[in-house]
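> let me see the structure of the following:
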Amino acid sequence: MNSDCIAREYLEGLGYQVEVIPTSDRDRKKESDFIVSYDGHTAIVEAKLKEDDQNVAEEKERTLAAGEVAIVEGKLGRNETISGVIRTAAKQLSSSSDKEHDFKLM
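Residues are numbered from 1 along each chain as shown. Below is the predicted model of the structure:
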C-alpha cells in the first residue's frame, strides 16, 4: 500500500474530510496529495512513507515472535535520501499554496 492510500485511510479514520489534489494543468505540475478539512479548518497535506528495510523488518519480527528483544542499530546524521524526500515534499506544498488553507502538513 502506498503512502497516499495509508495517509488517506488514516486521516479519514480521524474524522477529517479528505479531498485528493490532482496533478494540475498541462505542465503536469506536482501538487500536494490532499486538502483536509475538520471543524472549520483546512490543511494542505503531503504524505510520505518511510519504511524499514524488508530484511531488517522480517528479522525483527522473528526475534520478537521468539519472545526476545529486537535491537536495530543505525547511524545518526544527515541522510541525503530523507532530506531529498523532505525537500521534494516542501516543494509540493509550496506548489499547492494557491489552494485555500489554514496550514500545511507533511
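> average pLDDT for the longest helix along the chain?
Using DSSP state H to define each element, the chain has its longest helix at helix 80-95. Helix 80-95 comes out with an average pLDDT of 85.
> tell me how far stretch 73-92 lies from the chain's centre.
13 Å (CA atoms, centre = their mean, to the nearest Å).
> now what about it, what contacts it?
30-33, 46, 48, 50, 106 (CB atoms under 8 Å, 6 or more residues apart in numbering). Quick note: C-beta positions are derived from backbone N, CA and C, even for glycine.
> which residues of this protein fall in strands?
Taking DSSP state E as the test, the strands found in the chain are 17-20, 34-38, 41-45, 103-105.
> tell me the buried residues in the helix or strand of the chain with the lowest mean pLDDT?
Ranking every helix and strand in the chain by mean pLDDT, DSSP states H and E puts helix 80-95 at the bottom, with a mean of 85. By neighbour count on 16 or more other CB atoms under 10 Å, the buried set for helix 80-95 is 89, 92-93, 95.
> for it, list the C-alpha coordinates in CSV.
Extracted C-alpha coordinates of helix 80-95, given in CSV (Å, rounded to 0.1, in the frame of the first residue of the first chain):
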residue,chain,number,x,y,z
GLU,A,80,20.6,12.6,1.8
THR,A,81,17.7,10.2,0.9
ILE,A,82,15.5,11.5,3.6
SER,A,83,16.4,15.1,3.2
GLY,A,84,15.7,14.8,-0.5
VAL,A,85,12.3,13.4,0.2
ILE,A,86,11.6,16.3,2.6
ARG,A,87,12.9,18.8,0.0
THR,A,88,10.6,17.4,-2.7
ALA,A,89,7.6,17.4,-0.3
ALA,A,90,8.3,21.0,0.7
LYS,A,91,8.2,22.0,-3.0
GLN,A,92,4.9,20.2,-3.5
LEU,A,93,3.4,22.0,-0.5
SER,A,94,4.6,25.3,-2.0
SER,A,95,3.2,24.4,-5.4
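> great, nothing more from me.
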